[in-house]
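# Quick check, what structure comes out for this input:
(one chain, ligands or ions: 4)
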Amino acid sequence: RGALAAMHGLALPEGQFDADPHELAGLGKIRLESQLREAIATNGLDLRLQPLFDIRDNRIAGYEALVRWTHPERGPVSPMEFIALAEETSLIVPVGDYVLDAAVAALCALRDIGIAPLPFIAINVSPRQLREAGLIERIVERTRAAGLEPGAIKVEITESQALDYVQVAEAIAHCRREGIHVALDDFGTGFSNLAHLHELDFDTIKIDQAFARNMMGSARARAMVEAIVDLVHAIGAQALVEGIETEEQLDVLRALGCRYAQGYLIGRPQPLADVLRRNGH
Ligand code: C2E
Ligand code: CA
Ligand code: CA
Ligand code: CA
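Ligands and ions are numbered 1, 2, ... in the order given. Next up, the predicted model:
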């Protein structure tokens, strides 16, 4: 592996998600829902932190919080499976609360071992969570109660069919007043709506990993990434490319003036204990 991987310690492969989606569906949604409810109540969720690399400053600027559910019979269940279920059943609210609390606790641990400047933690927020009142207030309240700035939390919003642009614009404005940064997630996939992008004052645009995957294979795919990074800069935002797995991909981003990279090359999603250990604790 390259210098970067060596610098941060070789990333250990994460536990595979062994649950077959069809089997999960077969379990019945209601059963799964009650098991998820149970997991929320009994510490059955946990958080992984994946480093976000600042290419310009050559350092880890933050971490993305990614939730995991260890199912009693099936082991780790991918968030791709249960976030959708949580959304349908409004369990997304307690899941989101868990993630926020765990992110604040992780920030406190990083602060307490003296990491400065303190990295931010990015949390994923679904359109449904955005519609529920009080999310931004909760971020402000929980961070302040822990003696942190609300800006230590960054919010990632995924584009989806359910995205209400007026509402997102309001949420962004509210975040901005509180010093919370906002990123647009998975840009360039299914629901990207270029017509609305100029109305939404995102700090960061996260370019979906599909682009990184194709980038080295063809000059056209690379030209796409270059054009998107330029577009992001033209609207005054920072670009992040997801799914960076090789030094070659990172070199391309550096040449394009792209600010951030995320992916297995920099680090896998890892438990807080591993992040602390990599920082010498
Ligand atoms: P996402 O926000 O796009 O998260 C990035 C996903 O890409 C993560 O999958 C991460 O493990 C994976 N990934 C990161 N680097 C690489 C790489 O170099 N190569 C490859 N092949 N994959 C990489 P994960 O953890 O399975 O999460 C899946 C999705 O579930 C997330 O996609 C996000 O949309 C959702 N999710 C995760 N945690 C939460 C949460 O707390 N709340 C909400 N609402 N959604 C969440
Ligand atoms: Ca995300
Ligand atoms: Ca993403
Ligand atoms: Ca995604």
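# Check which helix or strand Phe82 maps to.
Using DSSP states H and E, Phe82 sits in helix 79-89.
# what does the protein have sitting close to ligand 1?
50, 66-67, 78-80, 83, 99, 124, 126, 158, 185-186, 209, 243-245, 262-264, 269 (Cβ under 6 Å from any ligand atom). Placement of C-beta: from N, CA and C, glycine included.
# Would you mind listing what in the stretch 101-250 of the chain touches ligand 2?
Counting by Cβ under 5 Å from the ion, the stretch 101-250 of the chain comes close to ligand 2 at Asn124, Glu156, Asp185.
# Which one of the residues in the stretch 1-150 of the chain is closest to ligand 2?
Asn124 (4.6 Å; Cβ to the ion).
# Make sure that residue is actually in contact with Glu156.
Yes - Asn124 lies in contact with Glu156 (Cβ atoms under 8 Å); the separation is 5.0 Å.
# List the buried residues in the lengthiest helix in the chain.
When the chain is parsed with DSSP state H, its longest helix is helix 92-112. Neighbour-count burial for helix 92-112, counted by 16 or more other Cβ atoms under 10 Å, picks out 92-93, 95-96, 98-100, 102-104, 106-107, 109-111.
# now, which of the residues you listed lie close to ligand 3?
Answer for these near ligand 3: none qualify (Cβ under 5 Å from the ion).
# Please identify which of those is nearest to ligand 3.
Val99 (15.2 Å).
# what touches both of Asn124 and Glu156?
Counting by Cβ atoms under 8 Å, 6 or more residues apart in numbering, the residues touching both Asn124 and Glu156 are Glu64, Asp185.
# Show the low-confidence segments of the stretch 51-200 of the chain, by residue range.
161-162, 190-192 (pLDDT under 70).
# Recalculate using a threshold of 90.
Applying pLDDT under 90 to the stretch 51-200 of the chain picks out residues 70-78, 81, 84, 87-90, 126-133, 158-167, 188-199.
# what does it have sitting close to ligand 3?
Counting by Cβ under 5 Å from the ion, the stretch 51-200 of the chain sits next to ligand 3 at Asp185, Asp186.
# Name the single longest strand found in the protein.
strand 59-71 (DSSP state E).
# how many other residues sit next to the residue nearest to Glu178 when sequence neighbours are not counted?
Nearest residue to Glu178 in three dimensions, chain neighbours excluded: Pro150, at 4.7 Å (Cβ to Cβ, 6 or more residues apart in numbering). The number of residues packed around Pro150, counting by other Cβ atoms under 10 Å, is 18.
# do the same with Asn43
9.
# does it sit in a helix, a strand or a coil?
coil (DSSP: H, G, I helix; E, B strand; the rest coil).
# now it: how far from Ala169?
Distance of Asn43 to Ala169, given as Cβ to Cβ, to the nearest Å: 37 Å.
# helix or strand for Leu231, which one?
Applying DSSP H and E, one finds Leu231 within helix 219-234.
# Let me see the contact set for the closest residue to Val125 other than its chain neighbours.
Nearest non-adjacent residue to Val125, counting by Cβ to Cβ, 6+ apart: Val155, 5.2 Å away. When contacts are counted by Cβ under 8 Å, 6+ apart, Val155 touches Ala122, Ile123, Val125, Ile139, Cys175, Ile180, His181, Val182, Ala183.
# for Leu240, same thing?
So Leu240 contacts Leu52, Ala183, Thr204, Ile205, Lys206, Ile207, Cys258, Arg259, Tyr260, Ala261, Gln262 (Cβ under 8 Å, 6+ apart).
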